[in-house]
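[1] Sequence plus the predicted model coming up.
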Amino acid sequence: MADIVSLPDAIAAHVRDGDTVAMEGFTHLIPFAAGHEIIRQGRRGLTLVRMTPDLIYDQLIGAGCASKLVFSWGGNPGVGSLHRLRDAVEHAWPNALEIEEHSHAAMAAAFHAGAAGLPFGTLRGYAGSDLRRVNRNVRSVTCPFTGEELAAVPAHRPDVSIVHAQRADRHGNVLVEGIVGVQKEAVLAAERSVVTVEEVVDDLAAPSPNSVILPSWAVDAVAVAPRGAAPSYAHGYYDRDNAFYQSWDAISRDRETFETWIREHVLEAGTADAGGAST
């Protein structure tokens with residue numbers, strides 16, 4: 001059964017310097033509160049894995065937590081670039097950042113393979129792609145049944161995966177509703193997993209048709225973090241803070257402005273406030 005603990009205790013127990021960390025959530029349920037706690041606890045040398053790194057990874061990179069990023073598309077959705085990511089890649093500030101770029105399909109295949117305990121994932125993508133020239137982890141395999149050449153990518157097997165969800169029951173079973181990405185696969189692929197939730201309830205209630213249940217046996221720690229996905233949204237709980245995504249472009253462009261924001265809204269903020277960070 002998953003342990004129900006505080007967010008600081010969950011991060012302290014399960015996220016270690018040098019870990020490979022996957023923080024997943026697609027459009028909504030992005031685990032901002034957990035990411036902010038990682039920054040507060042000063043983790044270093046992390047390999048960050050995510051299908052669509054956006055603001056939370058920009059913040060982690062700018063705060064000096066990461067040494068490598070494994071990703072597909074990366075940006076500030078609907079706004080533009082991730083300026084802390086660009087600064088790390090282009091100018092090694094606050095430290096150098098190695099990048100390993102994939103397609104969405106390859107990232108999903110890698111998570112599926114990791115969840116299934118397989119060494120690699122296969123896909124028909126990358127035909128004619130230049131990514132093979134810059135990513136040594138895009139290889140080829142021949143199908144033993146048809147002779148077809150397929151792309152292969154190593155399975156994602158994170159040391160720890162972190163996701164946010166709407167609810168957990170008191171046994172540690174977790175309900176994810178709304179748009180679902182690869183949260184389930186990320187949790188199953190990881191050695192350890194942390195789930196932040198809006199609330200813990202006695203009964204998860206009847207799930208909607210698109211919902212996912214993460215069973216307690218697959219989860220190591222559950223932490224209550226109200227508004228833990230803000231400024232992204234949590235289906236059924238609160239809306240996306242579009243104004244913050246727009247304001248992040250200016251905040252993140254300048255190193256001093258970024259450091260001031262991180263100090264005021266993350267480092268000096270209590271855990272209860274971290275999910276609701278704003279300008």
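    Nice, thanks for sending it over.

[2] Low-confidence ranges, the stretch 151-279 of the chain, go.
    271-279 (pLDDT under 70).

[3] Also the stretch 1-150 of the chain?
    Short version for the stretch 1-150 of the chain, where the test is pLDDT under 70: none.

[4] Now do the strands in it.
    Counting by DSSP state E, counting those that start in this stretch, one finds strands in the stretch 1-150 of the chain at the ranges 3-5, 20-24, 46-50, 66-71, 98-101, 120-123, 139-142, 149-154.

[5] Direction included, what does the following helix or strand past the last one pair against?
    Moving toward the C-terminus from strand 149-154, the next helix or strand (DSSP states H and E) is strand 160-169. Take DSSP bridges as the rule and strand 160-169 pairs in its sheet with strand 20-24 (parallel), strand 174-176 (antiparallel), strand 192-201 (parallel).

[6] closest to residue 58 out of those strands?
    Residue 58 sits nearest to strand 20-24 of all the strands paired with strand 160-169, at 12.3 Å, using CB to CB. Where C-beta positions appear, they are placed from N, C-alpha and C, glycine not excepted.

[7] what residues does stretch 118-136 touch?
    100-103, 105-106, 108-113, 138-139, 141, 150-155 (CB atoms under 8 Å, 6 or more residues apart in numbering).

[8] List only those of those residues flagged as buried.
    Buried members of the contacts of stretch 118-136, scored by 16 or more other CB atoms under 10 Å, are 100-103, 105-106, 108-113, 138, 150-155.

[9] can you tell me how far the closest residue to residue 266 other than its chain neighbours sits from residue 230?
    What sits nearest to residue 266 in space, not counting adjacent residues and going by CB to CB, 6 or more residues apart in numbering, is residue 36, at 4.7 Å. Distance, residue 36 to residue 230, by CB to CB, to the nearest Å: 11 Å.

[10] which of those two has more neighbours?
    residue 36 (28 against 24; other CB atoms under 10 Å).

[11] okay but that one is in contact with residue 59, surely?
    Yes: between residue 36 and residue 59 there is a contact under CB atoms under 8 Å: 7.5 Å.

[12] Now for those two: what residues contact both?
    Counting by CB under 8 Å, 6+ apart, the residues touching both residue 36 and residue 59 are residue 266.

[13] List the residues that contact residue 164.
    25, 29-34, 195-197, 225, 228-229, 234 are the contacts of residue 164 under CB under 8 Å, 6+ apart.
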